[in-house]
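J.: the sequence and its predicted three-dimensional model are supplied below.
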Amino acid sequence: KKIGNAFDNRIDAKRTLREIKLLRHMEHENVIVLKDIIRPPQKENFNDVYIVYELMDTDLHQIIRSTQPLTDDHCRYFLYQLLRGLKYVHSANVLHRDLKPSNLLLNSNCDLKIGDFGLARTTSETDFMTEYVVTRWYRAPELLLNCSEYTAAIDIWSVGCILGEIMTRQPLFPGKDHVHQ
């Protein structure tokens, strides 16, 4: 994953750093593995950062949008792996805050890994927790109502939305804006 001009935008730089810090400490078969971080050889040209993850073939969004048949066994296996990985993430006091099909990576064996921890936060952080997290279609009601205090339940809501989308191949709540969500 190339992060171009990684330090131009303070918010994006914090997200990148947060993702690196969290993934360096996570080790679970349903969480993407951070393999390496590559920076330019010369410090003067240190604009881009390359994060190397384990190789995955596709993401769940691509599978849902494809014509490939999905059996009930596929749905159960995807859900099982997602919940297993999320249980591990939550046991580390981390909220993912951006679960959606495109952040769930798959290989040819249907092994699922949770990826993209750029919006993740530890629940022990005392910083103000932003309400604007999670792609709108997967956002829990407490986030739609701008609550600044929330729990791991926001990720579980997203899992329910993802399961519905796997089964129907359509987003459950495809609102165009926060009012129609």
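T.: Cool, the structure landed.
J.: so which helix or strand of this structure has the lowest pLDDT on average?
T.: Taking mean pLDDT, DSSP states H and E as the measure, the helix or strand of the chain with the lowest value is helix 141-144, at a mean of 68.
J.: next structured bit after that one?
T.: Per DSSP states H and E, the first helix or strand lying C-terminal to helix 141-144 is helix 153-168.
J.: helices or strands up against that next one?
T.: Packing partners of helix 153-168 (3 or more CB pairs under 8 Å, 6 or more residues apart in numbering; DSSP states H and E): helix 60-65, helix 72-91, helix 141-144. C-beta: built from backbone N, CA, C; applies to glycine.
J.: adding mean neighbour count, write these out as a markdown table.
T.: As requested, the helices and strands packed on helix 153-168 are arranged in a markdown table below (neighbours: other CB atoms under 10 Å):
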| stretch | mean neighbour count |
| --- | --- |
| helix 60-65 | 16 |
| helix 72-91 | 16 |
| helix 141-144 | 17 |
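J.: so where's the chain uncertain?
T.: Scanning the chain for pLDDT under 70 picks out the ranges 6, 125-136, 140-141, 143-147, 174-181.
J.: surely Ile20 is in contact with Leu34?
T.: Yes - under the criterion of CB atoms under 8 Å, Ile20 makes contact with Leu34 at 6.8 Å.
J.: more neighbours, those two?
T.: Leu34 (19 against 15; other CB atoms under 10 Å).
J.: any idea how far Pro101 is from Arg65?
T.: 9 Å (CB to CB, to the nearest Å).
J.: okay, buried residues for stretch 90-110 please.
T.: 90, 94-101, 103-106 (16 or more other CB atoms under 10 Å).
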